[in-house]
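Undergrad: got a sequence here, can you model it:
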Amino acid sequence: MSDALGRRPILFGGFALYIVGTVICYKANSLEVLMFGRFIQGLGVAGSYISAISLVRDLFHGAQMARIMSLVMMIFVLVPAFAPTIGQGILFIADWRSIFEFYMFYAILIVVWVAFRLKETLPKSNRIPFSKKGFLDGFKEVLTNRITASYTVCMGLFFGSFIGYLNSSQQIFQVQFETGSMFSVYFGLLALVLGFSSLMNSRIVEKHGAKIIAFKAMTVTVLASLVFLILHAFVDISLWMFLIYATVIFFCFGLLFGNVNSLAMEPMGHVAGIASAVIGSISSLMSMGIGTLVGQMYNNTLIPISGNFVLMGGIALGIMYWAEKGQLKAKTA
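TA: Numbers count the residues shown, from 1 in each chain. Presented below is the predicted three-dimensional model:
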C-alpha cells in the first residue's frame, strides 16, 4: 500500500489506527480487551515504521542513507531501552491508564508535526499499482536479492542477541549483581552508549562506508564476547567486568543497526515500501524468536548471553562475507 498510495497516506492511516487502539486500551476493563487494543496499536505502528524507513530510502542512497538511517535506528533502539523507565515514572505519579494518555498525546503531537513538516517523498510516476502480482513480485525480489536477503538475516541474528540481553537484563542487574533500584541507572547508561555510537556513526559513515564499519563492529562484538565467555572459566564475573563488556557491545550495536538496515534497503529503492515491510517482518520474527530463547536460557550466569553473541555474531559475519563475495576482506586489509 505504501508503494501504491504514497508514504503520507499510510503514515496517517497508521497513526489513526494506533490512536483507536490506544483508546481501546484506555477504556479496557479486562486483560483480553487490553491485549486487543495493543494488537490494534501494533497494526498502526506498522504503518509508521514502514513509512519512516521507506521515505529515507526515497530521499537518500549509499553512505548518505546510512547516515540518516543511523539516526532513525538510534531512536528505534533507544525508545525500547528507555520505555520501561518512562512507564515506571508515569506509574509513580498516576495510574496505568495514564500511560495510554501519554501515548495519545505523543501520537497527536507527531501527527501535527508530520502534517506540517513532511512532504510526500514518492512521486506518482514511481508508484506501483496495488495488486496481488505487484505484491508477490516485490516480495520475491526482496527475498531473492543476495544483498538484501543476507543483511536482513544478519539484522535478525544480532538484533535477536540484543533482545536476549533485554529479556535477561533485569535478572542480570537485580538478581545476579544485586543492584536494586540502580538497575534503571545502569540500564539507561548503556542505552546512552548505544545512542552516542549511533550518532558517531552518522558522522563517520560517509568517510569509511557502511559495509566496512558494520563488518568491523560485528568482528569486535564476536571477539569481545568470546574473550568474556572464556573469562568465565577463570574468574568470578563482577559487575564492573560486565559493564565494560556491555559497553563494548552496545557501542558496536550503535554502529550496526543503521548500517545493516541501510545496506539491506540499498538495492530496493524501486520497491522500498514492500522491502521495508519484508525486511522488518523477517528480522523482527527472527529476533523475537532468538531473544525469547536466550532469555529463557538465563541461568544466573552471563554464559548464555555472551555465548549467543559469539554464535549469532559469527554466523552473521559469515553471511556478510558471503553476501559481498569476499570483497570485505580486501577492503579491510
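
Undergrad: nearest residue to residue 41 other than its sequence neighbours?
TA: Leaving aside its sequence neighbours, residue 41 sits nearest to residue 21 (CB to CB, 6 or more residues apart in numbering; 3.5 Å). Backbone N, C-alpha and C define where each C-beta goes, glycine included.

Undergrad: and the one you found, how many neighbours?
TA: 23 (other CB atoms under 10 Å).

Undergrad: pLDDT value on it, please?
TA: At residue 21, the pLDDT value in this model is 96.

Undergrad: quick one: low-confidence ranges for the stretch 1-150 of the chain?
TA: 80-81, 134 (pLDDT under 70).

Undergrad: need the helices for it, in chain order.
TA: Taking DSSP state H, counting those that start in this stretch to define them, one finds helices in the stretch 1-150 of the chain at 2-5, 7-27, 31-59, 62-93, 97-117, 132-144, 146-170.

Undergrad: can you put the ones you listed in a markdown table and add distance to residue 305?
TA: Formatted as a markdown table, those follow (distance: least, CB to CB, whole Å):
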| stretch | distance to residue 305 |
| --- | --- |
| helix 2-5 | 36 |
| helix 7-27 | 32 |
| helix 31-59 | 27 |
| helix 62-93 | 16 |
| helix 97-117 | 29 |
| helix 132-144 | 31 |
| helix 146-170 | 6 |
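
Undergrad: of these, which is nearest residue 321?
TA: Closest to residue 321 of those is helix 146-170 (CB to CB; 9.6 Å).

Undergrad: helices and strands around that closest one, which ones?
TA: With contacts defined as 3 or more CB pairs under 8 Å, 6 or more residues apart in numbering; DSSP states H and E, helix 146-170 has these neighbours: helix 62-93, helix 132-144, helix 183-208, helix 210-231, helix 239-265, helix 272-297, helix 303-323.

Undergrad: what inclination does the first one have with respect to helix 146-170?
TA: Angle, helix 62-93 to helix 146-170, by axes from the mean of the first three to the mean of the last three CA atoms, to 10 degrees: 20 degrees.

Undergrad: and if you look at the third one?
TA: Interaxial angle, helix 183-208 versus helix 146-170 (the same axes, to 10 degrees): 160 degrees.

Undergrad: likewise the last one?
TA: Per the same axes, to 10 degrees, the angle that helix 303-323 makes with helix 146-170 is 170 degrees.

Undergrad: do the same with the fourth one
TA: What separates the directions of helix 210-231 and helix 146-170 is an angle of 40 degrees, with the same axes, to 10 degrees.

Undergrad: pretty sure the residue nearest to residue 41 contacts residue 44?
TA: Yes - using CB atoms under 8 Å, residue 21 is in contact with residue 44, at 5.9 Å.

Undergrad: re earlier: and residue 209, which of the helices of the stretch 1-150 of the chain is closest to it?
TA: Among these, helix 62-93 comes nearest to residue 209, with 6.4 Å by CB to CB.

Undergrad: could you give me the buried positions within that closest one?
TA: For helix 62-93, burial by neighbour count (16 or more other CB atoms under 10 Å) applies to 63, 65-70, 72-74, 76-78, 81-82, 84, 90.

Undergrad: what about the nearest residue to residue 70 once chain neighbours are set aside, how many residues nearby?
TA: Closest residue in space to residue 70, ignoring its immediate chain neighbours: residue 258 at 3.2 Å, by CB to CB, 6+ apart. Around residue 258 there are 30 other residues, counting by other CB under 10 Å.

Undergrad: now do the contacts for residue 258.
TA: Residues in contact with residue 258 (CB atoms under 8 Å, 6 or more residues apart in numbering) are 66-67, 69-74, 198, 201-202, 205, 210.

Undergrad: now stretch 252-262: how far from the chain's centre is it?
TA: Computed by CA atoms, centre = their mean, to the nearest Å, the chain-centroid distance of stretch 252-262 equals 9 Å.

Undergrad: how many neighbouring residues does residue 187 have?
TA: Counted with other CB under 10 Å, residue 187 comes out at 20.

Undergrad: just to check, residue 176 is in contact with residue 299?
TA: No - Residue 176 is beyond contact range of residue 299, at 10.0 Å (criterion: CB under 8 Å).

Undergrad: so between those two, which is more surrounded?
TA: Under the criterion of other CB under 10 Å, the comparison of residue 176 against residue 299 puts residue 176 first, with 16 against 10.

Undergrad: quick one, phi psi at the nearest residue to that one once chain neighbours are set aside?
TA: Among residues not flanking residue 176 along the chain, residue 300 sits closest, at 5.7 Å (CB to CB, 6+ apart). Backbone geometry at residue 300, expressed as degrees, to the nearest 10, gives phi 70, psi 20.

Undergrad: how many other residues sit next to residue 300?
TA: For residue 300, using other CB under 10 Å, the count is 9.

Undergrad: surely residue 154 touches residue 313?
TA: No - the criterion here is CB under 8 Å, and residue 154 misses it with residue 313 at 9.5 Å.
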